[in-house]
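>>> Pasting a predicted model and its sequence here:
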Amino acid sequence: AHGHCAMPLIDEAWLERLALALYEQHHCYENYSFLAALLLAGRTLGPKHWTVNLIADILLDVANRKALGRPRSRNGMTQKIVNLTRMQLAWAREVAPHTKTLHQISLGISYGNAYVNRMHQSVLALREMAETVCAANLSAEILEDYCAIYGESDEDASRLRQWADSSSGPFGAMFSWQHWEVELSDLCYSDHDRLSLDLTFRTMRDALAAGADPASITPC
């Protein structure tokens, strides 16, 4: 059994390994696996831990891609994208402001900024679903950060500025960290998702307690 003082550190290390396994092999996992990991990490380490943000970002990427893809199912997509985007905005604003200025560099090539890129992706997804007011409000929210990374003359920055001119106010209410589970309560895509979520959560929770290899929970 884990010692009482050591348990938080052991739990944190285990959940970090789980989050990284989900990130590195995201194509191997179903939506309910991400949701179960999100709940377990949030309940164990708190909603502001970086593992929770990483998993939420993966979920937002998937939602945005579903909205932008063809063929696509738009049923319920708007609220999923809005709530996950609000969480990312709150994370960058309140928890880790430095993420707004970090540059992604791989093999000497700059890929811009992960946070700004994801927010821009959300704008495009909302516009694709004809949610023009939401997209305009988000454009206004991220315009300054986008221009700080890519410059005022960037083509996408010009489009964001044009869309932001139609903004009617803030991009939704402030994300509530205290009620994060309620904020993120509607991320299932099907009844199968909902049925599998509870079982997967229990499996992950038991694996955490036993110290089992996180990567073996839902193998490819």
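The structure has been received and is ready for your questions. None of these values were measured; they are calculated from a predicted model.
>>> could you pull out the strands for this structure?
Per DSSP state E, the chain carries strands over the ranges 105-106, 109-110.
>>> Lowest mean pLDDT across these, which one is that?
Sorting the strands of the chain by mean pLDDT places strand 109-110 lowest, at a mean of 54.
>>> count of residues packed around the closest residue to Thr85 other than its chain neighbours?
Nearest residue to Thr85, sequence neighbours excluded (Cβ to Cβ, 6 or more residues apart in numbering): Ser122, at 4.5 Å. To be clear about C-beta, it is placed using only N, CA and C from the backbone, and glycine gets the same treatment. As a burial measure, Ser122 scores 28 neighbours (other Cβ atoms under 10 Å).
>>> is it true that Ser122 touches Asn137?
No - in this structure, Ser122 is not within contact of Asn137 by Cβ atoms under 8 Å, at 11.2 Å.
>>> From Asp213, how far off is the residue most central in space within the chain?
Per Cα atoms, centre = their mean, the C-alpha nearest to the average position across the chain is that of Asp57, at 2.1 Å. Note on Asp57: its distance to Asp213, by Cβ to Cβ, to the nearest Å, is 24 Å.
>>> same thing with Leu143?
Note on Leu143: its distance to Asp213, by Cβ to Cβ, is 44 Å.
>>> Neighbour count: these two, which is higher?
Ranked by neighbour count (other Cβ under 10 Å), Leu143 and Asp213 place Leu143 first, with 19 against 11.
>>> That one reaches Arg159, doesn't it?
No - with contacts defined as Cβ under 8 Å, Leu143 does not count as touching Arg159, sitting 10.3 Å away.
>>> now Asn53, nearest residue through space, not along the chain?
Trp91 (5.1 Å).
>>> What is the neighbour count of the one you found?
If we define neighbours as other Cβ under 10 Å, then Trp91 has 22 of them.
>>> ok, now how distant is it from Thr132?
According to Cβ to Cβ, Trp91 and Thr132 sit 25 Å apart.
>>> and what of Leu15?
For Leu15, the distance to Thr132 - Cβ to Cβ - is 39 Å.
>>> which of those two has more neighbours?
Taking other Cβ under 10 Å, Leu15 and Thr132 do not tie; Leu15 has more neighbours (23 against 12).
>>> Quick check: the more buried one touching Gly42?
No - counting by Cβ under 8 Å, Leu15 stays clear of Gly42, with 9.8 Å between them.
>>> these two touch, right, Thr203 and Ile217?
Yes - under the criterion of Cβ under 8 Å, Thr203 makes contact with Ile217 at 6.1 Å.
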